[in-house]
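1. My questions concern the predicted model and sequence given below.
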Amino acid sequence: MPMRHVTLRQLRVFEAVARHLSFSRAAAELHLTQPAVSMQVKSLEGEAGLPLVEQIGKKIHLTEAGRELQARAHAIDRELRAAEEALGAMRGLTQGRLTIGLVSTAKYFVPELLGRFLKTHPGVTAKLEVDNREAIIGLLAANAIDLAIMGRPPQNMETVAEDFAPHPHVIIASPDHPLAGKRRVPLERLAQETFVIRESGSGTRGLLERLFAEHRLALNVGMEMASNETIKQAVIAGMGVSLLSLHTVGLELATRRLAILEVAGLPIVRKWYVVHLARKRLAPVAAALKVFLLAEGGGHLAALEAPVHEGKARGRRAL
């Protein structure tokens, strides 16, 4: 059956559904209602003459035809983005569109950095995709974002990854926790504590699991949560301890709602990276943002950490 009346809108909606395997998540990403997304997919199925998705229980699955069309939709989207980038290169840096993928921890500092960049590029618009590491890698693989900002680049795809700042991770607890204020707490002692951790697919969770596995210690998980903010509230409430990026807890440390536990061998210091596909030809505005992050990102994050280090120094002098 000829597919002469298929629209780019239908393909983009279907691609989002196929990537998320969820009508609701696709609707949220595209700023559409769920019925509107369902209608677009139904219309596309009518054009294809075959079912593209099937629902088994509460889960969405792609049919064989759906998997084939998903691959074609990716190819079409790549060509359209390549055309946009080529036209953007002709326009120069005065205007353009950026789509940036952030692991959820990066949302605490990237918007301010991006705001500074956009002030000097007033014709540029930006879209932020915030999710866990696994989801951002998926967007990167699909060429759905220009740049990704994450703590550990993907290992199984060809990318260009450049680090721009240190990324320390610390153990946090409520200020009245029995280990708060103790020096060089052994990791074996910490293993006796109940942990509040991120969901599967989170880079922070992976880091914690690797730390305990390397020391052959069991991780006592009391609760799993999908956001740093919820984890912080649980820790403040005394429901456990957690490993989080230092860049997510500055406000709570400054107001003494959280404390850093001084555990032997910590903090774990990784790096922040700006990442893009190796095959991707960056538009001038994306290349300019990358240069900006490499030049300014480290200093910005160091300034955010300064009050935390000063507060710890004052606490030691008071002991």
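-> Cool, got the structure.

2. Could you find the closest non-adjacent residue to residue 3?
-> residue 47 (5.0 Å; CB to CB, 6 or more residues apart in numbering). Quick note: C-beta positions are derived from backbone N, CA and C, even for glycine.

3. And residue 234, by the same measure?
-> Using CB to CB, 6+ apart, the closest residue to residue 234 is residue 196 (4.8 Å).

4. Now do the spatially most central residue of the chain against residue 248, distance only.
-> Centroid-nearest residue in the chain, with CA atoms, centre = their mean: residue 103, separated by 1.4 Å. Using CB to CB, to the nearest Å, residue 103 is found at 11 Å from residue 248.

5. Also residue 220?
-> 22 Å.

6. which secondary structure element contains the residue nearest to residue 234?
-> Using DSSP states H and E, the element containing residue 196 is strand 195-198.

7. Could you name the helices and strands sitting against the following helix or strand past that strand?
-> Once the chain leaves strand 195-198, the next helix or strand it forms, by DSSP H and E, is helix 203-214. Where contact means 3 or more CB pairs under 8 Å, 6 or more residues apart in numbering; DSSP states H and E, helix 203-214 is packed against strand 195-198, strand 242-245, strand 268-277.

8. got the buried residues for the first one?
-> In this case it means strand 195-198. 195-198 (16 or more other CB atoms under 10 Å).

9. for the longest one, same thing?
-> Neighbour-count burial for strand 268-277, counted by 16+ other CB under 10 Å, picks out 268, 270, 272-277.

10. which regions of this structure lie under the pLDDT threshold?
-> 1-2, 85-94, 306-319 (pLDDT under 70).

11. mind running it again at 80?
-> The chain contains residues with pLDDT under 80 at 1-5, 77-96, 304-319.

12. quick revisit: name the element the residue nearest to residue 3 belongs to?
-> Using DSSP H and E, residue 47 falls in helix 34-48.

13. Take the buried residues of strand 195-198 and write them to CSV, including distance to residue 71.
-> CSV is the format used below for the buried residues of strand 195-198 (distance: CB to CB, whole Å):
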residue, distance to residue 71
195, 40
196, 39
197, 35
198, 31
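
14. Show me which of those residues is closest to residue 61.
-> When these are compared for distance to residue 61 (CB to CB), residue 198 wins out at 26.6 Å.

15. give me every residue that touches the closest residue to the closest one other than its chain neighbours.
-> Distances taken as CB to CB, 6+ apart place residue 205 nearest to residue 198, at 4.2 Å, with adjacent residues excluded. Neighbouring residues of residue 205 by CB atoms under 8 Å, 6 or more residues apart in numbering: 197-199.

16. Residue 139 now?
-> Residues near residue 139 by CB under 8 Å, 6+ apart: 101, 129, 131, 145, 148.

17. Restricted to buried residues, select the residues you listed in ChimeraX.
-> Provided next is the ChimeraX selection string for whichever of the contacts of residue 139 are buried by 16+ other CB under 10 Å:
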select :101,131,145,148
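
18. Out of the contacts of residue 139, list just those in strands.
-> 101, 129, 131, 148 (DSSP state E).

19. any idea how far the closest residue to residue 141 other than its chain neighbours is from residue 205?
-> Nearest residue to residue 141 in three dimensions, chain neighbours excluded: residue 157, at 5.9 Å (CB to CB, 6+ apart). Here residue 157 is placed at a distance of 21 Å from residue 205 (CB to CB).

20. hang on, the earlier thing: the residue nearest to residue 3 contacts residue 5, correct?
-> Yes - using CB atoms under 8 Å as the test, residue 47 is close enough to residue 5 to be in contact (6.0 Å).

21. of these two, who's got more company?
-> residue 47 (15 against 9; other CB atoms under 10 Å).

22. Now do the same contact list for that one.
-> Contacts of residue 47 by CB under 8 Å, 6+ apart are 1, 3, 5-6, 10.

23. Any quick PyMOL command for the buried ones out of these?
-> Buried residues among the contacts of residue 47 (16+ other CB under 10 Å), as a PyMOL selection:
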select buried, resi 6+10
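
24. Let me see the backbone angles for residue 280.
-> Dihedral pair for residue 280: phi -80, psi 130, per degrees, to the nearest 10.

25. residues near residue 301, how many?
-> Quick note: residue 301 (other CB under 10 Å) scores 21 neighbours.

26. Next one: it from residue 170, what distance?
-> 14 Å.

27. same check, this time on residue 286
-> From residue 286 to residue 170 the distance is 32 Å (CB to CB).

28. Next, the buried residues of stretch 214-223.
-> Neighbour counts over stretch 214-223 (16+ other CB under 10 Å) mark residue 219 as buried.

29. should've said stretch 182-194
-> Judged by neighbour count using 16+ other CB under 10 Å, the buried positions of stretch 182-194 are 185, 187, 190, 193.

30. can I get these in CSV with secondary structure and distance to residue 125?
-> Output for the buried residues of stretch 182-194, formatted as CSV (DSSP: H, G, I helix; E, B strand; the rest coil; distance: CB to CB, whole Å):
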residue, secondary structure, distance to residue 125
185, strand, 47
187, helix, 46
190, helix, 45
193, coil, 45
